[in-house]
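**Student:** Task: produce atomic coordinates for the following.
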Amino acid sequence: MDRRGFLRTSALTSSGIYLATSKSAIAQATEKGRTIKCALVGCGAQGNALRVASKDVPGIQWVAMCDIWKFSIAKTRGGFLGENKHQIEGEIKVYEDINEMLDKEPSIEAVFIATPDFMHAPYSRLCLEKGKHVYCEKMMSNTIEGARDMVRAGKANPGIFQIGHQRHSNPRYLNLRDNIIKPGKMLGRITHAYAQWNRGVSGSAPQGAVKGYDISQEVLTKHGYNSLEEYRNWRFFSKYGAGPLSDLGAHQIDMFNWMYESTPVSVIASGGVDYFDGTNGRPKFELPDNMMCIYEFKTAQGALRAYYQVLTTTGSQGAYEKHMGIQGTAIISELDTNGNQLYAEPGQDWEEFSQGDHPPIMKAADKAKNKFWEHPRDWEKPKPPSYGAVSVADVRESKALAQWELAVKLKVKPHTPHVQNFIEAVQTKNPAHLTCNVEAAFKSCVTVLKAYEAKEAGGKYIFKPEDFQA
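**Tutor:** Down below sits the predicted model:
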């Protein structure tokens, strides 16, 4: 395709993506769709995030919610009766047990599952076998066996089954993949990628009881928890979750597979429980509190290596992903302010790509911040000492790169387009409409969890084709 053809395609794609995520366009896209009666299982932070994201998606009627902790129920129910009240007719029913909810609310058509990871597989299978459609949060499971069972349950039942890797539906990520990264597009051959999620120690502070909202040990045991401490801090324990690499890294490692439409051939990994070891009043993680991984892909264009790190002892530079090609580099994050930059290599003329009504890129609003110390800060950078000499640039240093930004913006919550995509697939009963079906998510789950095997083996794991087969 020549550049003019590329620009026409980019403009149309970019325009469609952008319009599909504005509030007015969401209404236009689904106003003729039927109403889907939905239930939320798991009313903690992630369940509440789905509740917030759903408020801009027409076609949803919330009829029930389920959780074992009255504190989470009260908080999320308040949101349903507040900003989501237009999606409720009468009252929203509250349950502690998912089996009771499904038995007493036969009108439920779709279930959103946002429980701790170890319950994703059994709850997904239960709902699918009851004839429900399922939106299940990522990671699919804390084990590959659990994820594999979810694929099998999806194949054995007719329900629509979406996994919550929401970047698959994000117009900014779609624009980057389809208009900028894909072979023959703006970045040229991608040789390297980098992603990180760095979180400070305060993000892993242990959670305790909340006055007035106790949970009996009988209820905890019934639902698989050994204690209130484990229930409140399930991410610390391998029985319930798969550690920070899964909890934080799953979204971004998934992007390596999705952006390059491939799976890795190997992973080198290192990490450990280096800080959260249970001493000096710190909580104890059963899985590594930091991991560093290098994935190797074999693409049609050649070898591609992708580095990923997740740290829980520093929030330095937050979370973002970087894709580096011979013609340019792109940096992206779910937040526009944290990653929305592109750099053209010398000799690349991207001016044409910024033309038209809905171009994929635009001129940078200000100087691109490709060094971490150029970002806004609340401290004063010390001035270097003056020795009376004028510094001279090293002649080996690369020329400054042309600076651009992604032109496609997201005007709703990051989860909203993904929830919308699921509801549209349910309305039309069209599984092909999903942007992240269970088979694709399974490959990402394997990509993430096999890094632990690499670490235990002393550094490297070679993927086998059967690893990605459920």
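**Student:** how does this structure divide up, domain by domain?
**Tutor:** Using automatic domain parsing, the domain parsing of the chain gives 3-165, 168-371+400-412+438-468.
**Student:** Which among those domains is found nearest to Asn430?
**Tutor:** Nearest to Asn430, of all the domains of the chain, is domain 3-165, at 8.0 Å by CB to CB. For every residue, glycine as well, the C-beta is placed using N, CA and C.
**Student:** State the mean pLDDT of the closest one.
**Tutor:** Mean pLDDT, computed over domain 3-165, is 87.
**Student:** now that domain: how far from the chain's centre is it?
**Tutor:** On the basis of CA atoms, centre = their mean, to the nearest Å, domain 3-165 sits 15 Å off its chain's mean C-alpha point.
**Student:** Make 13 the starting number, not 1.
**Tutor:** Right, with 13 as the first residue, what we last looked at is domain 15-177.
**Student:** List of residues touching stretch 455-463?
**Tutor:** Outside of stretch 455-463, the residues within contact range by CB atoms under 8 Å, 6 or more residues apart in numbering are 150-153, 155-156, 159, 177, 254, 257-258, 261-262, 265-266, 268-270, 275-276, 279, 281, 303, 305, 307, 473, 475, 479-480.
**Student:** export it as PDB, just CAs?
**Tutor:** Coordinates of the C-alpha atoms in stretch 455-463 are reproduced here as PDB (Å, rounded to 0.1, in the frame of the first residue of the first chain):
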ATOM      1  CA  LYS A 455      -1.900 -17.600  25.500                       C
ATOM      2  CA  SER A 456      -1.100 -14.500  27.500                       C
ATOM      3  CA  CYS A 457      -1.600 -16.400  30.800                       C
ATOM      4  CA  VAL A 458       0.900 -19.000  29.700                       C
ATOM      5  CA  THR A 459       3.300 -16.300  28.600                       C
ATOM      6  CA  VAL A 460       3.200 -14.700  32.100                       C
ATOM      7  CA  LEU A 461       3.200 -17.800  34.300                       C
ATOM      8  CA  LYS A 462       6.000 -19.600  32.400                       C
ATOM      9  CA  ALA A 463       8.300 -16.800  33.500                       C
END
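**Student:** Show me how far that stretch is from its chain's centre.
**Tutor:** Relative to the mean C-alpha coordinate of its chain, stretch 455-463 is positioned 14 Å out (CA atoms, centre = their mean).
**Student:** again, but for stretch 205-213
**Tutor:** 13 Å.
**Student:** Can you say which helix or strand has Leu62 in it?
**Tutor:** helix 57-66 (DSSP states H and E).
**Student:** elements contacting that helix?
**Tutor:** strand 48-53, strand 72-78, helix 82-93, helix 428-440 (3 or more CB pairs under 8 Å, 6 or more residues apart in numbering; DSSP states H and E).
**Student:** so can I have CSV of these showing mean neighbour count and distance to Pro372?
**Tutor:** As requested, these are arranged in CSV below (neighbours: other CB atoms under 10 Å; distance: least, CB to CB, whole Å):
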stretch, mean neighbour count, distance to Pro372
strand 48-53, 23, 33
strand 72-78, 22, 31
helix 82-93, 17, 35
helix 428-440, 24, 17
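**Student:** so which of those comes closest to Tyr225?
**Tutor:** helix 82-93 (3.8 Å).
**Student:** Now the element after that closest one, going C-ward?
**Tutor:** Later in the chain than helix 82-93, the nearest helix or strand by DSSP H and E is strand 105-107.
**Student:** and that next one, which strands flank it?
**Tutor:** Strand 105-107 has the following strand partners under DSSP bridges: strand 72-78 (parallel).
**Student:** and the strand it pairs with with strand 48-53, angle?
**Tutor:** Here strand 72-78 runs at an angle of 30 degrees relative to strand 48-53 (axes from the mean of the first three to the mean of the last three CA atoms, to 10 degrees).
**Student:** contacting residues around strand 72-78?
**Tutor:** Contact partners of strand 72-78, identified using CB under 8 Å, 6+ apart, comprise 47-55, 63, 66, 85, 88-89, 92, 96, 99-101, 104-110, 113, 117, 119-120, 431, 435.
**Student:** Hey, what's the angle from it to helix 428-440? Just curious.
**Tutor:** 100 degrees.
**Student:** Export only the CA atoms of strand 72-78, formatted as CSV.
**Tutor:** Extracted in CSV, the C-alpha atoms of strand 72-78 (Å, rounded to 0.1, in the frame of the first residue of the first chain):
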residue,chain,number,x,y,z
ILE,A,72,-26.9,-2.8,30.7
GLN,A,73,-29.4,-3.4,33.5
TRP,A,74,-27.9,-4.4,36.8
VAL,A,75,-30.1,-6.8,38.7
ALA,A,76,-27.8,-8.5,41.3
MET,A,77,-24.5,-8.3,43.0
CYS,A,78,-22.6,-10.9,45.0
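**Student:** Can you check what angle separates that strand from helix 57-66?
**Tutor:** Using the same axes, to 10 degrees: strand 72-78 against helix 57-66 is 160 degrees.
**Student:** distance of Gly284 from Pro300?
**Tutor:** According to CB to CB, to the nearest Å, Gly284 stands 5 Å off from Pro300.
**Student:** who's more crowded, the two?
**Tutor:** Neighbours were counted for Gly284 and for Pro300 using other CB atoms under 10 Å; Pro300 has more, 22 against 13.
**Student:** Would you mind giving the helices and strands packed on helix 57-66 as TSV with distance to Arg294 added?
**Tutor:** Formatted as TSV, the helices and strands packed on helix 57-66 follow (distance: least, CB to CB, whole Å):
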stretch	distance to Arg294
strand 48-53	32
strand 72-78	33
helix 82-93	25
helix 428-440	35
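**Student:** for those, which one sits closest to Leu138?
**Tutor:** Among the helices and strands packed on helix 57-66, the nearest to Leu138 by CB to CB is strand 48-53 (9.7 Å).
**Student:** so what does the closest one touch, helix or strand wise?
**Tutor:** helix 57-66, strand 72-78, helix 110-116, strand 122-125, helix 428-440.
**Student:** In CSV: the ones you listed, plus distance to Phe288.
**Tutor:** Below are the helices and strands packed on strand 48-53 laid out as CSV (distance: least, CB to CB, whole Å):
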stretch, distance to Phe288
helix 57-66, 19
strand 72-78, 31
helix 110-116, 31
strand 122-125, 27
helix 428-440, 31
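**Student:** quick one: which of the ones you listed is nearest Lys197?
**Tutor:** Once these are compared by CB to CB, helix 428-440 is nearest, at 21.8 Å.
**Student:** Determine how far stretch 452-467 lies from the middle of the whole chain.
**Tutor:** Mean C-alpha position of stretch 452-467 versus that of the full chain (CA atoms, centre = their mean) differs by 15 Å.
**Student:** Check this protein for its longest helix and report it.
**Tutor:** Longest helix in the chain by number of residues (criterion: DSSP state H): helix 450-468.
**Student:** What is the subsequent helix or strand relative to that helix?
**Tutor:** strand 472-474.
**Student:** Then Glu308 would be within a helix, right?
**Tutor:** No: according to DSSP: H, G, I helix; E, B strand; the rest coil, Glu308 belongs to no helix; its state is strand.
**Student:** Does it touch Pro276 like I think?
**Tutor:** Yes: taking CB atoms under 8 Å as the definition, Glu308 is a contact partner of Pro276 at 6.0 Å.
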